[in-house]
Each structure stands twice: as structure tokens, then as C-alpha cells.
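Visitor: please work out how this folds:
(one chain, ligands or ions: 1)
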Amino acid sequence: RIIDILNGPNLNLLGQRQPEVYGRETPADVEAACAALAAELGVQVRFRQSNHEGQIVDWIHEARETAAAIVINPAAYTHTSVAILDALKAFDGPVIEVHISNVHQRESFRHHSYVSLRADGVIAGCGTEGYLLALRRVASLTAGA
Ligand code: DQA
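Guide: Sure, this is the predicted structure:
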């Protein structure tokens, strides 16, 4: 089964952007760690990143037909995007929301998430390891499905 790992704006700069907040791992490092864990769990991952809200909406629509579950770090769109929330509401499988940083420890505008209204679980503040935790969760939720 395919698990989509979707990443929102500025996450292409992971490792370069505010490393004190987001760490030094690059997107390629995170993708490789996810692919290694996926092999262990017997699932396939599609790791994607876009700076464009509509592209993320389109990927979620595509997931309706092709993915068993979605792991999503919507980045700044977490706090603004009704469109991503609505797209996720049209997806039937499990959805886990990931934030690398602990958003609750940061500015108050990061405390509200539209995506959490649909997410089955939320992982925040576990660094890039959060993606691996989320992957384990969706693998167990979709096992035998
Ligand atoms: C983030 C937290 C968001 O508030 C921020 O806009 C991001 C990344 C995180 O992974 O910690 O770009 O989603």
C-alpha cells in the first residue's frame, strides 16, 4: 500500500532554514529515513513537497484514488488553509499531521490548526523523527486494510 507524505511551503529549505528550530536534516535525509522505515513496515512511500497550496490540494485528490493514508506537514498552511482541510475531508483513509517543531511552544498564531479538525493524530515537537512516528502509526492503522 502507498502512503503519501506531503510537505508544505518552505520545507524544501529544511536543513538550511532556521536549523535551531527545524534541525539540520535535509528533505533528502528525511525522505531516505522514511523510505528505509517503509521497507521495514512493508509499505511504499511517496514523499512530496510543494510551496503551492493548490498543488497540495491536487495531491490530496490524487491520494483519494491511490494512497492508503496521508502523513502531512502542511507547514504555514496549517494555520491558514481551509482548502487543504476540505481536501483532506474528501480523503477516506487515516491522516496524521506532523510538525517538526513544537508549535504550541511558539507564536500564538501557530497554536491553531485547520488541518487538526480532520487529522486522526498530531505529532509536534519530535523533530524530523515525527515523520517516522507518523509512518508507523498509519502503517498500523492500515494493516490488513
Ligand atoms: C511547521 C510549523 C509551522 O508553524 C511552520 O509554518 C512551518 C513548519 C513545523 O514542521 O514545525 O513551516 O509545520
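
Visitor: tell me the average confidence for stretch 14-32?
Guide: Across stretch 14-32, the average pLDDT comes to 94.

Visitor: how about it as PDB, C-alpha atoms only?
Guide: Presented in PDB, the C-alpha positions along stretch 14-32 are these (Å, rounded to 0.1, in the frame of the first residue of the first chain):
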ATOM      1  CA  LEU A  14      14.800  22.000   5.600                       C
ATOM      2  CA  GLY A  15      18.300  21.800   7.000                       C
ATOM      3  CA  GLN A  16      19.100  25.400   5.800                       C
ATOM      4  CA  ARG A  17      16.200  27.300   7.200                       C
ATOM      5  CA  GLN A  18      16.200  28.100  11.000                       C
ATOM      6  CA  PRO A  19      18.200  25.000  11.900                       C
ATOM      7  CA  GLU A  20      17.800  25.900  15.600                       C
ATOM      8  CA  VAL A  21      14.100  25.300  15.100                       C
ATOM      9  CA  TYR A  22      13.900  22.600  12.400                       C
ATOM     10  CA  GLY A  23      17.300  20.900  12.700                       C
ATOM     11  CA  ARG A  24      20.000  20.200  10.100                       C
ATOM     12  CA  GLU A  25      18.500  17.200   8.300                       C
ATOM     13  CA  THR A  26      17.700  17.900   4.600                       C
ATOM     14  CA  PRO A  27      14.500  16.800   2.800                       C
ATOM     15  CA  ALA A  28      16.600  14.100   1.100                       C
ATOM     16  CA  ASP A  29      17.700  12.800   4.600                       C
ATOM     17  CA  VAL A  30      14.100  12.700   5.800                       C
ATOM     18  CA  GLU A  31      12.900  11.000   2.600                       C
ATOM     19  CA  ALA A  32      15.600   8.400   2.900                       C
END
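
Visitor: distance from that stretch to the middle of the chain?
Guide: Averaged C-alpha coordinates place stretch 14-32 at 14 Å from its chain's average position (Cα atoms, centre = their mean, to the nearest Å).

Visitor: return the set of buried residues in it.
Guide: 14, 15, 22, 23, 25, 27, 30, 31 (16 or more other Cβ atoms under 10 Å). C-beta here means a position set from N, CA and C on the backbone, and glycine is covered the same way.

Visitor: fine, thanks again, bye for now.
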